[in-house]
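Asks: Sequence first, predicted model second:
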Amino acid sequence: MIPRHTPDTCKRPKGLASGPDELDRLRSRRVFIETYGCRYNFGDTAKLVEILRDQGCTIAYCPEDADAVIVNTCTVVGSTERRMLRRLSALRDHELWVAGCMPAVQRDAIFTVCTPSIISPETIYERYRQIGTVAPGSIGIVQLAHGCTGTCTYCLTRFARGPIRSFSAEEICGQVRASVQAGAAEIQLTAQDVSAWGSDTGNSLPTLLAAIDAVPGRHRVRVGMMNPATVLPVLDELVDAFAGDHIFRFIHLPVQSGSDAVLGWMGRRYTVAEFEEIVAAFRKRFTDITIATDMIVGFPGETEEDFSASLALLRRVQPGKVNVTRYSRRPFTPIAGEKDFPDSVKKNRSRHMEDCAGEIYAKVNAKYLGTEVPFLVTETVREGSVMARSPGYLGIVINEDLPVGSEGRVILKKDRKYFFIGKRVA
């Protein structure tokens with residue numbers, strides 16, 4: 001049996017901070033930015049682009065054309081960490097700057113392969129607030145908070161990002177409004193845990209979504225990843241908030257395991273039954289909602305029975321998307337010293353779960369094939385082809401040149417597993 005750990009058993013490693021004036025050294029230069037990881041990291045990069053443009057920089061398209069290179073790093077799993085270090089080593093002859101999660105928790109590892117300047121998250125936020133602009137584009141990324149309230153025993157990111165610090169509703173709504181005015185048709189709300197927004201300020205996500213929904217325009221809002229533990233206290237109000245005209249009927253609700261024992265070892269603070277309660281509440285209100293979830297396989301102590309319970313949960317819930325991750329030991333986490341499974345076991349369980357998810361996708365998609373749904377064009381795929389979304393966030397490729405923000409109706413003609421090919425109804 002794996003002992004139950006508390007966050008206090010894992011001390012946050014000392015990072016390397018930079019002040020808001022640090023970026024002045026890049027003024028009026030050509031800068032290339034390379035970004036890895038989650039949508040939150042891409043939100044940081046969007047802010048960096050605007051900061052650099054405000055101080056006269058040109059954004060380069062490759063390292064060779066740049067005076068300086070910024071790498072926005074991710075360290076969520078071991079394979080990503082190794083990729084980051086290889087990339088930093090390859091770029092070490094450039095004037096190199098490093099942002100993202102790695103500098104806060106793995107500074108020593110970075111400095112074994114290169115000697116970069118560090119850009120802290122605080123620097124990005126402080127400078128961005130000073131200029132107050134939004135990057136134009138068809139998809140706008142709006143960050144709700146920095147950090148989280150989580151106690152996940154396997155997660156290094158929570159030590160990199162720290163405790164939750166929610167941005168104000170006024171600031172968030174301002175960024176949504178500016179993104180829409182700049183041409184965004186899809187607004188993606190992101191945070192380490194979106195449903196934890198406001199827990200540090202006496203506010204809650206449902207009230208924020210109501211305010212965001214009031215922003216006028218031809219656009220829709222995708223709510224990012226929510227922890228079931230922070231959804232439960234606001235569940236009824238949150239379901240009501242998703243009825244807003246501008247809110248996509250889509251929830252990303254990582255369950256991580258179908259075993260209550262494993263969830264306890266993970267420090268997730270909810271049960272399988274509570275996860276299913278959340279899904280049922282949303283589906284009762286919105287029959288077309290898309291459910292996305294995450295699963296970790298090969299977690300220390302996970303038995304064959306635990307793994308079978310995860311498969312059974314997926315078959316019961318029938319999610320439209322499952323992100324499957326093999327457990328990866330992360331330094332500084334409470335379970336870093338626990339016995340790990342051989343890679344062969346994790347690979348086998350991962351393949352088995354991916355096959356299970358594929359069967360579910362086929363079943364879920366079959367009920368939509370041949371139906372007619374409304375659509376909103378959110379981005380251009382290539383010349384003569386666009387990506388559109390239904391109100392329930394189904395991905396629909398339409399092979400026509402349509403402007404971003406176009407609306408209409410489409411018949412779903414072909415199932416391509418993760419999206420449909422649609423034929424527009426004239």
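Replies: Perfect, I can see it now. Numbers count the residues shown, from 1 in each chain.
Asks: The worst-scoring helix or strand of the chain on mean pLDDT packs against which elements?
Replies: Counting by mean pLDDT, DSSP states H and E, the chain has its least confident helix or strand at helix 121-131, which shows a mean of 87. Contact here means 3 or more Cβ pairs under 8 Å, 6 or more residues apart in numbering; DSSP states H and E; on that basis helix 121-131 packs against helix 39-54. Where you see a C-beta, it was placed from the backbone N, CA and C, and this is true even at glycine.
Asks: Okay, buried residues for the helix it packs on please.
Replies: Buried residues in helix 39-54, counting neighbours by 16 or more other Cβ atoms under 10 Å, are found at 39-52, 54.
Asks: Stretch 100-114 too?
Replies: If you call a residue buried by 16+ other Cβ under 10 Å, then stretch 100-114 has these buried ones: 100-107, 109-110, 113-114.
Asks: If we only consider the residues you listed, which is nearest to residue 183?
Replies: For the buried residues of stretch 100-114, the minimum distance to residue 183 (Cβ to Cβ) is 27.0 Å, reached by residue 100.
Asks: and the nearest residue to the closest one once chain neighbours are set aside, what are its phi and psi?
Replies: Residue nearest to residue 100 in three dimensions, not counting chain neighbours: residue 73, with 3.6 Å by Cβ to Cβ, 6 or more residues apart in numbering. Note on residue 73: backbone dihedrals following degrees, to the nearest 10 are phi -90, psi 160.
Asks: can I assume residue 73 is in contact with residue 97?
Replies: No. Using Cβ atoms under 8 Å as the test, residue 73 is too far from residue 97 to be in contact (10.7 Å).
Asks: of those two, who's got more company?
Replies: Remark: of residue 73 and residue 97, residue 73 carries more neighbours, 27 against 23, as counted by other Cβ atoms under 10 Å.
Asks: Read off the pLDDT value for the more buried one.
Replies: Note for residue 73: predicted pLDDT of 96.
Asks: what residues are up against it?
Replies: The contact partners of residue 73, by Cβ atoms under 8 Å, 6 or more residues apart in numbering, come to 36-37, 84, 88, 98-103.
Asks: any idea how far the residue nearest to residue 100 is from residue 25?
Replies: 20 Å (Cβ to Cβ, to the nearest Å).
Asks: One more: residue 264?
Replies: In terms of Cβ to Cβ, residue 264 sits 48 Å off from residue 25.
Asks: Of these two, give the one with the bigger neighbour count.
Replies: Comparing residue 264 with residue 25 by other Cβ under 10 Å, the one with more neighbours is residue 264, at 15 against 11.
Asks: Take the buried residues of stretch 100-114 and keep only those in strands.
Replies: residue 100 (DSSP state E).
Asks: a markdown table for the buried residues of stretch 100-114, including distance to residue 284 and pLDDT?
Replies: Formatted as a markdown table, those follow (distance: Cβ to Cβ, whole Å; pLDDT from 0 to 100):
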| residue | distance to residue 284 | pLDDT |
| --- | --- | --- |
| 100 | 39 | 95 |
| 101 | 37 | 94 |
| 102 | 42 | 95 |
| 103 | 44 | 93 |
| 104 | 41 | 90 |
| 105 | 41 | 91 |
| 106 | 44 | 92 |
| 107 | 48 | 92 |
| 109 | 47 | 94 |
| 110 | 48 | 95 |
| 113 | 52 | 96 |
| 114 | 53 | 96 |
